[in-house]
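Colleague: next input, structure requested:
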Amino acid sequence: MNIDGGPIQPLRGLLIGTLLVAALCPGRALAQAGAPALQTAPSPAAVRKVPPPMTVEEAEAFVKRAPKDTNAYLALGSALRKAGRPQEALQAFQKMVALEPGNSTAQVSIGAAYMDLKRPKDAERAFKKALQMNPTDATAHYNMGNLHQSQGRRDEAIGEFRKATTMQPPMADAWVTLGLIQAELGETSEAINSYKKATSIDSTNVRALCNLGNSYYALGRVSEATALYRKAAKLEPRNQEAIYNLGVAFADAMIFNSAISYWKRVVEIDSTTPIAESAKSSIEVLQQYLEQNKAPGPAN
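Modeller: Below is the predicted model of the structure:
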């Protein structure tokens, strides 16, 4: 059966525990599986020129070339966070503050580093300071929403995400995270609208594409969902969630070899992630099913 050609027949009762992944597609910056990304990208009001993503070595060279440029320390701190070195990232962002005390982006970035270091009280102080400096800083509202959400303060989180969606320039990730909460609350139509808002802002946002796909899949709009997963996987070939969900779709279509192939690819990308563990379990269950249902050989 062609998985892109129309409705597919679900494989009932087979892949227990291999439900579609919700809220897992990572954003442009640092992300944990199942969690929204904490942003360190500067708002235009704070820093005029946004540095592109760099390796730690590239950012260190940038700092040597321009030791008084706040963008150099932003690039270095962001690279260090991505490399899993939050304490050093915090020091880089603190140098931004020393150079430009009124820079709200520096405070947002400090708050993100504090979140990496599991210091939520310090993070909240930094985000509040950023918003005092610049109440229209969308990234500050977005990260504050992430902080509230991590503490179970859902209503406050929703308020911050909604504020982030009203700022300029528009912020796709704020719409995605708002949509995830709406989906969790059973507000499917509202969630779909939020994901669509995100894709209208940034058609390459893989979190939006994957989660819009999940919503469509739940509604039985399988061909639309798989198209979105394919697009996400094309944009990010190492995106485990999009590839895993393609495997689920193929398994439900009873195209088992393709499903196993997708899940094996998930494991090959990074075998240590939670989604890789789900892929391993799915492969095992499906292979057991296929072994048990082999056609019997000819009778002697």
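Colleague: C-alpha only now, for contacts and for neighbours.
Modeller: OK.
Colleague: toward the C-terminus from the helix or strand hosting Leu246, list the very next helix or strand.
Modeller: Per DSSP states H and E: Leu246 is located in helix 240-252. Note on helix 240-252: by DSSP H and E, the next helix or strand toward the C-terminus is helix 256-269.
Colleague: export the following helix or strand past that next one to CSV, keeping only CA atoms.
Modeller: Moving toward the C-terminus from helix 256-269, the next helix or strand (DSSP H and E) is helix 274-292. Extracted as CSV, the C-alpha positions of helix 274-292 are listed here (Å, rounded to 0.1, in the frame of the first residue of the first chain):
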residue,chain,number,x,y,z
PRO,A,274,14.8,8.3,24.8
ILE,A,275,13.4,8.2,21.2
ALA,A,276,16.2,5.7,20.3
GLU,A,277,15.1,3.5,23.1
SER,A,278,11.5,3.7,21.8
ALA,A,279,12.8,2.8,18.3
LYS,A,280,14.7,-0.2,19.7
SER,A,281,11.6,-1.5,21.5
SER,A,282,9.5,-1.0,18.4
ILE,A,283,12.0,-2.9,16.2
GLU,A,284,12.0,-5.8,18.7
VAL,A,285,8.2,-6.0,18.9
LEU,A,286,7.8,-5.8,15.2
GLN,A,287,10.5,-8.4,14.5
GLN,A,288,8.9,-10.8,17.0
TYR,A,289,5.5,-10.3,15.3
LEU,A,290,7.0,-11.0,11.9
GLU,A,291,8.8,-14.1,13.2
GLN,A,292,5.6,-15.4,14.8
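Colleague: okay, now the unreliable bits of this protein?
Modeller: For the chain, applying pLDDT under 70 flags the ranges 1-51, 295-300.
Colleague: now do the helices in it.
Modeller: Secondary structure of the chain (DSSP state H): helices at 56-65, 70-82, 86-99, 104-116, 120-133, 138-150, 154-166, 172-184, 188-201, 206-218, 222-235, 240-252, 256-269, 274-292.
Colleague: about what we covered before: the helix holding Leu246 packs against which elements?
Modeller: Contacts defined by 3 or more CA pairs under 8 Å, 6 or more residues apart in numbering; DSSP states H and E place helix 240-252 against helix 222-235, helix 256-269, helix 274-292.
Colleague: the inter-axis angle of the second one versus helix 240-252?
Modeller: Spelled out, it's helix 256-269. Interaxial angle of helix 256-269 relative to helix 240-252 (axes from the mean of the first three to the mean of the last three CA atoms, to 10 degrees): 160 degrees.
Colleague: list the contacts of helix 256-269.
Modeller: Residues outside helix 256-269 that contact it (CA atoms under 8 Å, 6 or more residues apart in numbering) are 238, 240-241, 243-244, 246-251, 275-277, 279-280, 282-283, 286.
Colleague: 6 Å instead, please
Modeller: Residues outside helix 256-269 that contact it (CA atoms under 6 Å, 6 or more residues apart in numbering) are 240, 243-244, 247, 250-251, 276, 279, 283.
Colleague: one more: the first one?
Modeller: Applying CA under 6 Å, 6+ apart, the contact partners of helix 222-235 are 4, 6, 206, 209-210, 213, 216-217, 239, 242.
Colleague: buried stuff in it?
Modeller: For helix 222-235, burial by neighbour count (16 or more other CA atoms under 10 Å) applies to 222-233.
Colleague: list the buried ones in the helix holding Leu246?
Modeller: Residues of helix 240-252 classed as buried: 240-252 (neighbour count, 16+ other CA under 10 Å).
Colleague: would TSV of these with distance to Arg85 be doable?
Modeller: Formatted as TSV, the buried residues of helix 240-252 follow (distance: CA to CA, whole Å):
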residue	distance to Arg85
Gln240	23
Glu241	25
Ala242	27
Ile243	28
Tyr244	29
Asn245	31
Leu246	33
Gly247	34
Val248	35
Ala249	37
Phe250	39
Ala251	39
Asp252	41
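Colleague: ok, these vs His141, which is closest?
Modeller: Glu241 (26.6 Å; CA to CA).
Colleague: tell me the phi and psi of Pro169?
Modeller: Backbone geometry at Pro169, expressed as degrees, to the nearest 10, gives phi -70, psi 160.
Colleague: how many other residues sit next to it?
Modeller: 13 (other CA atoms under 10 Å).
Colleague: what does Leu286 give?
Modeller: 19.
Colleague: any idea how far Leu74 is from it?
Modeller: 47 Å (CA to CA, to the nearest Å).
Colleague: now swap in Lys163 and tell me
Modeller: Taken as CA to CA, the span from Lys163 to Leu74 is 24 Å.
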